[in-house]
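Q: could you look at this predicted model? Sequence included:
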Amino acid sequence: MLLVAGWMLVLAALGLLPSGPSQTSFVLVALAVEALGLTFVFRSHLISGRDRK
Amino acid sequence: MTPLGPPEISAPSFALCLLLILLIPCASAGLALINAGLGRFRNAAHSMTSALCVIAVAAAAYFFVGAAWQGYAGQPAYALHAAGRDWNWIGAQRFFLRGVESGGAASLAALFGLLGAGLAAIIPLGSGADRWRLGSSCASTALLAAVTYPIFAHWVWGGGWLAQLGFVDSGGASAVQAVGGLTALSITWILGPRRGKFSSEGMPAALPGHNAVLVLMGCFLAWLGWLGLNGAGAILFTGTEMARVVLVAVNTTLAASSAALVAAAITRARFGKTDASLSANGWVAGLVAVSAGCAVIRPAAAVIVGMIAGALVVYSVEWLELRLGVDDPGGSVSVHAVAGVWGLIAVGPLAALTPGGAPGLWLAQLTGIATLLGFVLPLSYGLNWLLNRLSPQRVPVEGERQGLDLYELGAGAYPDFLTHNDDFWQR
């Protein structure tokens, strides 16, 4: 869900903020949210893989 | 956002573009050989058969609906009006590729898309090698070529909202490679690792590919295919003039060369000997990374893109396997997703579109990457998860032990070989 939420933040920044540093910063923060989501997905698969063993 | 019109293509450019597009199947053949060579010998025929079948399924799915949803700049499309702008989100062309006979740039784009869908579909075969059912790989490909690929390709190449933002991807680092690479990641998660790959403590065992010659031959074929892919993409989607196609070919070759050399040097420095499969992966990673900006960067920049891609792929393969427990026999995730994303990032600072770079380009490239991670990956994972619920995508234990050649095809690729089972059993 964090991956999708990050993307939604990017769309919101593009639609609602004026072009400039604030928009770019918002997009970078959204990418950080996605990176966090990706980390969680990797960890959940790592843990479920160990559980299967 | 401003609607985009179709780029003008002169008759000589049309002929050159068609010629370059006809080289793209070489890239598919190259990737198929690489996947087969990096898998085990008892799955070699299955790997090549799967490659052929997924190309066929991708062509059919793209013909039925994919082409209509992808569309082309200046062609009919649906747009959402939000926040005072029109967001062009999906093509509205006629199904079954009707209209392609009219000729022009749109027909070239349709042919490019048809072959690109097949190329994207081969990428996940590398990560699902040795354990992915033939039928399941075909079903997964149908979803990729009918839904995931055309929607994202419309946004990038069909005059969609990313293209309106100024997103640059001439040869398909995002629409083909990263989409295929992220689907490969979904497949590795859903299938799980091969039996015997990880010990009960989680330590990975080396399961080397069975034929390095196939892998390296695949690299040569892929090079030829990428020259076509990047050259045609540059003409069609970046409006590159004929004379600049030479620059595209130079950039493509330089990036692949520098990536392979860096990968070879790193493996030699770390392991004492050059690793053939990682060097080959480095070569393809260079091709993938430069696809994004091949038409807009200078040759020196292409060398930088390739060098970093070559280093990234070596460390990414190791990181995914050792730290994240991802079993990706073909290195598809590292080569196509990681290098593809790197190529997209690199366009921002290295593009020669405007002196000193274009500030808006940074934002567009970051938005494209965010869309890959926030839309393509969840969509691809969700579709494949549903497919796996309907019918398990992984072969049973017996199929893995016997080898997919015998289990699913009834005959092996190398009938005179002796079978060794010691790399199968759980350590």
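A: Looks like it came in fine. Just so it is clear, the structure is predicted and the values come from calculations on it, not from any experiment.

Q: how about the secondary structure of residue 12?
A: The chain I'm using is chain A. With DSSP: H, G, I helix; E, B strand; the rest coil as the basis, residue A:12 sits in helix.

Q: burial count for it?
A: Using other C-beta atoms under 10 Å in any protein chain shown, residue A:12 is surrounded by 14 other residues. Any C-beta I mention is one placed from the backbone N, CA and C, and that applies to glycine too.

Q: can you pull out the strands in the chain?
A: Assuming you mean chain A. Read by DSSP state E, chain A holds no strands at all.

Q: that's the wrong chain, I wanted chain B
A: Taking DSSP E as the criterion, chain B contains strands spanning B:77-82, B:85-91.

Q: with respect to burial, which of those strands scores highest?
A: Mean neighbours per residue, mean count of other C-beta atoms under 10 Å in any protein chain shown, is largest over those for strand B:85-91, with a mean of 19.

Q: any part of that one near chain A?
A: Yes. Applying C-beta under 8 Å from any C-beta of the partner chain, one finds strand B:85-91 touching chain A at residue B:85.

Q: same deal with stretch B:135-149?
A: No. If you take C-beta under 8 Å from any C-beta as the test, stretch B:135-149 misses chain A, and the best it gets is 14.5 Å.

Q: residue contacts, the residue in chain A positioned nearest to chain B?
A: Among the residues of chain A, residue A:7 lies closest to chain B, at 2.4 Å counting by C-beta to the nearest C-beta. Residues near residue A:7 by C-beta atoms under 8 Å, 6 or more residues apart in numbering or on different chains: A:30, A:34, B:370-371, B:373-375.

Q: residue B:61 contacts residue B:140, doesn't it?
A: No. At 10.8 Å, residue B:61 does not count as touching residue B:140 under the criterion of C-beta atoms under 8 Å.

Q: distance of the closest residue to residue B:120 other than its chain neighbours from chain A?
A: Residue nearest to residue B:120 in three dimensions, not counting chain neighbours: residue B:180, with 4.0 Å by C-beta to C-beta, 6 or more residues apart in numbering or on different chains. As judged by C-beta to the nearest C-beta, to the nearest Å, residue B:180 and chain A stand 18 Å apart.

Q: burial count for residue B:180?
A: 33.

Q: per-residue pLDDT, it?
A: For residue B:180, the pLDDT comes out at 96.

Q: give me the nearest residue to the residue of the stretch 251-400 of chain B found nearest chain A, chain neighbours excluded.
A: When scored by C-beta to the nearest C-beta, the stretch 251-400 of chain B has residue B:374 as its residue closest to chain A, at 2.4 Å. Using C-beta to C-beta, 6+ apart and skipping the chain neighbours, the partner closest in space to residue B:374 is residue A:7 (2.4 Å).

Q: for residue B:327, same thing?
A: In this structure, residue B:327 finds its nearest non-sequential neighbour in residue B:193, 3.4 Å apart by C-beta to C-beta, 6+ apart.

Q: enumerate the residues of the stretch 151-300 of chain B near chain A.
A: Applying C-beta under 8 Å from any C-beta, we find that the stretch 151-300 of chain B lies next to chain A at B:165, B:189, B:192-193, B:198, B:200, B:202.

Q: let's see it at 10 Å
A: Taking C-beta under 10 Å from any C-beta of the partner chain as the test, the list of the stretch 151-300 of chain B residues beside chain A reads B:161, B:165, B:185-186, B:188-190, B:192-193, B:198-202.

Q: okay, now residue B:386: neighbour count?
A: By other C-beta under 10 Å, 10 other residues sit near residue B:386.

Q: quick check: pLDDT value at it.
A: 96.

Q: cool, and residue B:200?
A: With respect to pLDDT, residue B:200 scores 79.

Q: residue B:4 too?
A: pLDDT, read off for residue B:4, is 65.

Q: and what of the one 5 residues further on?
A: For residue B:9, the pLDDT comes out at 83.

Q: that one: neighbour count?
A: The burial count for residue B:9: 19, using other C-beta under 10 Å.

Q: pretty sure it contacts residue B:236?
A: Yes. The pair residue B:9 and residue B:236 qualifies as a contact (C-beta atoms under 10 Å) at a distance of 7.6 Å.

Q: now do the shared contacts for those two.
A: Common contacts of residue B:9 and residue B:236 (C-beta atoms under 10 Å, 6 or more residues apart in numbering or on different chains): B:17, B:105-106, B:108.

Q: max pairwise distance over those: which two?
A: Maximum pairwise distance in the shared contacts of residue B:9 and residue B:236, criterion C-beta to C-beta, is 12.1 Å, between B:17 and B:106.

Q: between those two, who's got more neighbours?
A: residue B:17 (26 against 21).

Q: now for the nearest residue to the more buried one once chain neighbours are set aside: which residues touch it?
A: Spatially, and ignoring its direct neighbours in sequence, residue B:17 is nearest to residue B:235 (4.5 Å; C-beta to C-beta, 6+ apart). By C-beta under 10 Å, 6+ apart, the contact list for residue B:235 reads B:7, B:9-10, B:13-14, B:16-18, B:20-21, B:105, B:108, B:112, B:170, B:241-242, B:244-245, B:248, B:295.

Q: for ChimeraX, write a command that selects the buried ones of those residues.
A: Here is the ChimeraX command that selects only those of these that count as buried (16 or more other C-beta atoms under 10 Å in any protein chain shown):
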select /B:7,9,13,14,16,17,20,21,105,108,112,170,244,245,248,295
